[in-house]
Each structure stands twice: as C-alpha cells, then as structure tokens.
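Chemist: Everything below, folded, please.
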Amino acid sequence: QVQLVESGGGLVQAGDSLRLSCVASGRTVSNYAMGWFRQVPGKEREFVAAIHWNSVSRYYEEFVKGRFTISRDNAKKTVYLQMNSLKPEDTAVYYCAVSRKILSWGIRNPSDFGSWGQGTQVTVSS
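Modeler: Residues are numbered from 1 along each chain as shown. Below you'll find the model as predicted:
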C-alpha cells in the first residue's frame, strides 16, 4: 500500500504560479508512473500530467502544455507539479496518483491509477 499527501495549493491571481508537491509513503513508487489529475464539483476527474518511472518521459493534457511541468524525485518519493501562468479555469482540487501497474506507459485514465491523495485546492482569481 502507498499513501499520498498533496500540498502547495492555495488562492492566487491569474498569471501567478504555484508548485504542488505529493509525498508518497509506504511501498516504493520509483517503478511506477505518477500523475496529477484535477476535479471541479459536478465534473469528472480529468487528467493533467504524468511522468514515467524513469523521470524522463512526461506527458500533459493539451490545456496545460507549456504552462505546467511535472517532475519527480524518487529518492524523496515526491512528485511535483509546477504551474505557471495560471488561469481561472485551472481552479480545481488537484490530486496525485500512482499507477496500478509497475512500469506503466502512457496511461491517463483515472482507472489506471490505484492510489490517490486527498487533494489540494487551487483557486485562481481573475
């Protein structure tokens, strides 16, 4: 089992930046893909970004490309989401997750991820 705890959310203005962190505890996550999702009330959880176990391959949903950067530090069991040029439509609860399968590749469906954090609220005012 792995437990995930996100932090770094808050209230910012449009154009500002935030850095989210997600620390894993329990079993190792170094051989698993890790991802960030977000959700607003009344909508399904949507994929934001993910990073493969090798820390090299990363992929993003189109609406955050060029603004968000995902990274990980396997020694610290931590995944980050650097969010720049934030927009009001980025307002959501952000969740980190670990893939169900080891060495997962290219996954972006929430059902492909088996462990989730409690989420951190990001609010961007206009």
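Chemist: Every contact and neighbour count from this point should use C-alpha atoms.
Modeler: Noted.
Chemist: was I right about residue 73 contacting residue 54?
Modeler: No. Counting by Cα atoms under 8 Å, residue 73 stays clear of residue 54, with 10.4 Å between them.
Chemist: What lies in contact with stretch 34-53?
Modeler: Here stretch 34-53 makes contact (Cα atoms under 8 Å, 6 or more residues apart in numbering) with 30-33, 57-61, 64, 70-72, 79, 81, 91-99, 103-110.
Chemist: again, 6 Å this time
Modeler: Applying Cα atoms under 6 Å, 6 or more residues apart in numbering, the contact partners of stretch 34-53 are 30-33, 57-61, 92-98, 108.
Chemist: With stretch 82-99 instead?
Modeler: Contacting residues not belonging to stretch 82-99 are listed as 14-19, 32-40, 67-69, 112-117, 119-126 [Cα under 6 Å, 6+ apart].
Chemist: show me where the protein has helices.
Modeler: Taking DSSP state H to define them, one finds no helices in the chain.
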